[in-house]
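S.K.: After the sequence you'll find the predicted model.
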Amino acid sequence: MVVDYNYIIEKQTQRQNRITSVMHTRDISQIEAAMWVDMNSPYTTNRKQLAQAGYDVEEVDEWNLEDILDSLQLMGIEFVIAPEVTRKNLINQMNSLLDDEIPEFWGGEGVTEVVRIFPAGNTENDEV
């Protein structure tokens, strides 16, 4: 494993603790608190988060692509890749995806971000 999974678990636990705190402070449901916490998370990139978890990635290439996909999956990101996406296209899209500005996301129980990758750089993201 190329990332520190204990660090990821710690970040997921911190998120859950924030959700519990917001839930009780604001007297709202867990789903409402989770949405509030996620919407108010600081902005970062997946590349920075991978580095925080111990995996510095300068560039996605043929040699590290699977490790990166596996590491992001541990962080709660599921990839659905269209069958017509070539490996080269996937590598190019992953390089861009790692630098997209996003709210901090580490996944956790009951929450997954789904990234659909299509040819020509078209992606869709859903949080489940």
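M.R.: Thanks, I have the structure now. Numbering: from 1, shown residues only.
S.K.: in what helix or strand does residue 115 lie?
M.R.: The secondary structure element spanning residue 115 is strand 113-117 (assigned by DSSP states H and E).
S.K.: Strand partners (parallel or antiparallel) of that strand?
M.R.: Applying DSSP bridges to the sheet, strand 113-117 is found paired with strand 77-81 (parallel), strand 123-127 (antiparallel).
S.K.: Tell me the buried residues in it?
M.R.: Taking 16 or more other C-beta atoms under 10 Å as the basis for neighbour counts, the residues of strand 113-117 that come out buried are 113, 115, 117. Quick note: C-beta positions are derived from backbone N, CA and C, even for glycine.
S.K.: which phi and psi does the residue lying farthest from the centre of the chain have?
M.R.: Of all residues in the chain, the one whose C-alpha sits farthest from the chain's mean C-alpha position, using C-alpha atoms, centre = their mean, is residue 27 at 28.1 Å. Dihedral pair for residue 27: phi 50, psi 60, per degrees, to the nearest 10.
S.K.: what's the offset of the strand or helix carrying residue 9 from the middle of its chain?
M.R.: Remark: residue 9 resides in helix 5-26, with elements defined by DSSP H and E. Remark: helix 5-26 is offset 16 Å from the chain centroid, using C-alpha atoms, centre = their mean, to the nearest Å.
S.K.: Export that helix to CSV, keeping only CA atoms.
M.R.: Once non-C-alpha atoms are left out, helix 5-26 reads as follows in CSV (Å, rounded to 0.1, in the frame of the first residue of the first chain):
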residue,chain,number,x,y,z
TYR,A,5,-4.3,4.0,5.5
ASN,A,6,-4.3,4.8,9.3
TYR,A,7,-4.0,8.5,8.3
ILE,A,8,-7.0,8.2,6.0
ILE,A,9,-9.0,6.5,8.8
GLU,A,10,-8.0,9.3,11.2
LYS,A,11,-9.3,11.9,8.7
GLN,A,12,-12.6,10.0,8.3
THR,A,13,-12.9,9.8,12.0
GLN,A,14,-12.4,13.6,12.3
ARG,A,15,-15.1,14.1,9.7
GLN,A,16,-17.5,11.9,11.6
ASN,A,17,-16.7,13.8,14.9
ARG,A,18,-17.4,17.1,13.2
ILE,A,19,-20.7,15.7,11.8
THR,A,20,-21.7,14.6,15.3
SER,A,21,-20.8,17.9,16.8
VAL,A,22,-22.7,19.9,14.1
MET,A,23,-25.7,17.6,14.5
HIS,A,24,-26.0,18.3,18.2
THR,A,25,-25.1,22.0,18.1
ARG,A,26,-27.6,22.8,15.3
